[in-house]
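Visitor: Structure for the following, please:
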Amino acid sequence: MAYEESQSKGMRLLKRGQKGLVHALFSRFGVILLLFLLQVFILLGIFLKFRDIQIYISGATVLFTVIMVLYLLNSRLDPTAKITWLVIIMLMPVFGAFLLWFTKSEIGHRLIKARVNQIAQEAGDCIPQDSEIMDRLARENPGAAALVRYVGRSGCFPLCDNTAVTYYPVGEKKWEEMLRQLEEAKHFIFLEYFIVDEGLMWGRVLEILSRKAAEGVDVRVMYDGTCEFTTLSHSYPEKLKKLGIKCKMFSPLTPFVSTHYNYRDHRKILVIDGHTAFTGGVNLADEYINHKKKYGHWKDTAVMLKGPAARNFTLMFLEMWGIGEKEMEFERFLSYPAPPCEDAPGYVMPYGDCPLDADLVGERVYMDILNRAQRYVHIMTPYLILDGEMETALKFAAERGVDVKLIMPGIPDKQAAYALAKTHYRSLLDSGVKIYEYSPGFVHAKLFVSDDREGVVGTINLDYRSLYHHFECAAYLYGVPCLADMEEDYQATLAQCRTVTYETLKAEPRIRKLLGCIMKVVAPLM
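Guide: This next block holds a predicted model:
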């Protein structure tokens, strides 16, 4: 196996030219893409044939369209999603109906949904909730305790105390601490990331992982299958296994049309020996530490947990890892001690959000913070593609007199998403929400901080993909000292932002306004 290793650049397993779009198109992915497109063309051909017949059965088509419209209006879909599907059905009655049926019938992800539910039942209360901790929070803040109880409905996410939380205002700081903590690993290292890309950041991490694996530490890496398209080769897990590192791709690409691809593993989790955990927006690629400049300065955030709350992330990782396994390993890895930090005040609840259940946990947590806020809610998010409920929650909080501020990217990474975000700006400004754009570059942070008492740092964006379609994770923080650091960082970031006003909205390029209007129709599908 050929790889390069150096103290400065870290380890590389791929030769130059063995990653990226061009390589992907001429590799296994290219074959998959070709077969996938062939299936799509076959399906389109079938429906075009039906379309010819519609000339003679136009009345039936109208009746069919009316039935589908009535079905959609009485369905349990989000109202914004209903509008999107209504437009599709009105424009393409037969094909649109088939597409709706295909996406709602769970073909392609029925098995994984059953397995995820089975794992959740097996996990049960394997990390029991300390009732004394819950009672104490209920006395301090009944609303926050009610939120914790709600999150507990969807999984084993106990509220913990005696957990030290450190906040990192940029990816570079998180990476430096990651390297230090990885060096201390004795028993196991779990990494679960949406994006892994070879370069300085991952290379230095990989050096330590390979050394630790050689020392007998159980090292496991899991990343989303879309990396095969953008950053890594299909054989990358095998390359890691040769270093003694266990590796999986979540939902790897196959040459079959499936709804399974809609559900991506967007989590960012690092767990060391069960007592230390990291989460936040930072992936394992050089742009996240500003070693590579893609969209100006990359603003991101992360937290490190030390203490009992880290075990929640151990469990979340094992649940995802176990989807393709026969036996779960909860007892083995949760038996490692996570000593309490006796002098750490406040409460921490790491939690996950699964797109295959009925609970929109990520969105509900954000909305609950907005609804209970009394003085301020300060938010950073890279994307703003809102359903009606979230937009109403933001507007209502501002209308109650709460200082609601949003920091968005000043340099976007996706023009369509940027244009779509701006379609929400005027309505939010009308209600008193204050919007800012980060002038130096791209904001990738997912941060809520409210009233100096509670906040969230994690992977959950304010867009449909995160709130509805991705596996996500975050840490809910209440009364921990680092909330002051989060707010201080927010104010420092705000000082580098430009203010969005009615005048700046008028000055937006017409092409961007047009793109936003068009994308609004398909927003729930983005």
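Visitor: Can you show me the helices along the stretch 351-500 of the chain?
Guide: Secondary structure of the stretch 351-500 of the chain (DSSP state H, counting those that start in this stretch): helices located at 361-372, 388-399, 415-430, 464, 482-494.
Visitor: Can you say which of these is packed in most?
Guide: Highest mean neighbour count of the helices of the stretch 351-500 of the chain: helix 464, a mean of 24 (counted as mean count of other C-beta atoms under 10 Å). (Each C-beta comes from the backbone N, C-alpha and C, glycine too.)
Visitor: Can you give the contact residues for that one?
Guide: Contacts to helix 464, defined as C-beta atoms under 8 Å, 6 or more residues apart in numbering, come from residues 385, 387, 523-526.
Visitor: Which residue, other than its chain neighbours, is closest to Asp485?
Guide: Tyr167 (4.4 Å; C-beta to C-beta, 6 or more residues apart in numbering).
Visitor: so which helix or strand takes in the one you found?
Guide: Element membership for Tyr167 (DSSP states H and E) is strand 164-168.
Visitor: burial of Met304, as a residue count?
Guide: 24 (other C-beta atoms under 10 Å).
Visitor: returning to that earlier point: in a markdown table, list the helices of the stretch 351-500 of the chain along with mean pLDDT.
Guide: Below are those laid out as a markdown table (pLDDT from 0 to 100):
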| stretch | mean pLDDT |
| --- | --- |
| helix 361-372 | 98 |
| helix 388-399 | 97 |
| helix 415-430 | 96 |
| helix 464 | 91 |
| helix 482-494 | 98 |
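Visitor: thinking again about what came up before, which residues does the residue nearest to Asp485 contact?
Guide: Here Tyr167 is in contact with 301-303, 457, 482, 485-486, 489 (criterion: C-beta under 8 Å, 6+ apart).
Visitor: Next, the distance between the ends of stretch 500-512.
Guide: End-to-end distance for stretch 500-512: 15 Å, by C-alpha to C-alpha, to the nearest Å.
Visitor: Put the alpha carbons of the strand holding Tyr167 into CSV.
Guide: The C-alpha trace of strand 164-168 is given here as CSV (Å, rounded to 0.1, in the frame of the first residue of the first chain):
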residue,chain,number,x,y,z
ALA,A,164,-17.2,20.1,31.5
VAL,A,165,-18.0,21.8,28.2
THR,A,166,-15.4,23.7,26.2
TYR,A,167,-16.5,25.8,23.3
TYR,A,168,-14.3,26.3,20.2
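Visitor: okay, the angle between that strand and helix 482-494?
Guide: 10 degrees (axes from the mean of the first three to the mean of the last three C-alpha atoms, to 10 degrees).
Visitor: neighbouring strands for strand 164-168, and are they parallel or not?
Guide: strand 302-306 (antiparallel) (DSSP bridges).
Visitor: Now the element after the partner strand, going C-ward?
Guide: Immediately after strand 302-306, counting by DSSP H and E, sits helix 310-321.
Visitor: From the chain's centroid, how far away is that following helix?
Guide: 16 Å (C-alpha atoms, centre = their mean, to the nearest Å).
Visitor: before we move on, what about stretch 420-427?
Guide: 22 Å.
Visitor: quick one: buried residues of stretch 340-359?
Guide: Within stretch 340-359, the residues that count as buried by 16 or more other C-beta atoms under 10 Å are 340-341, 344, 346-356.
Visitor: Give me the contact list for stretch 318-336.
Guide: 112, 115-116, 119-120, 122-123, 126-127, 187-188, 190, 192, 220, 222, 248, 250, 265, 267, 273-275, 311, 314-315, 352, 471.
Visitor: Can you show me the CA trace of the lengthiest strand in the chain as CSV?
Guide: Scanning the chain for the strand with the most residues, using DSSP state E, yields strand 470-478. C-alpha atoms of strand 470-478 as CSV (Å, rounded to 0.1, in the frame of the first residue of the first chain):
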residue,chain,number,x,y,z
HIS,A,470,-30.6,13.9,7.7
PHE,A,471,-29.3,11.9,10.6
GLU,A,472,-28.1,14.7,12.9
CYS,A,473,-26.8,15.3,16.4
ALA,A,474,-26.2,18.2,18.8
ALA,A,475,-25.6,19.1,22.5
TYR,A,476,-28.2,21.0,24.4
LEU,A,477,-26.6,23.1,27.1
TYR,A,478,-28.2,24.7,30.1
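Visitor: how far away is Phe448 from Arg139?
Guide: Counting by C-beta to C-beta, to the nearest Å, the gap from Phe448 to Arg139 is 24 Å.
Visitor: more crowded one of those two?
Guide: It is Phe448, of Phe448 and Arg139, that has more neighbours when counted by other C-beta under 10 Å, with 25 against 9.
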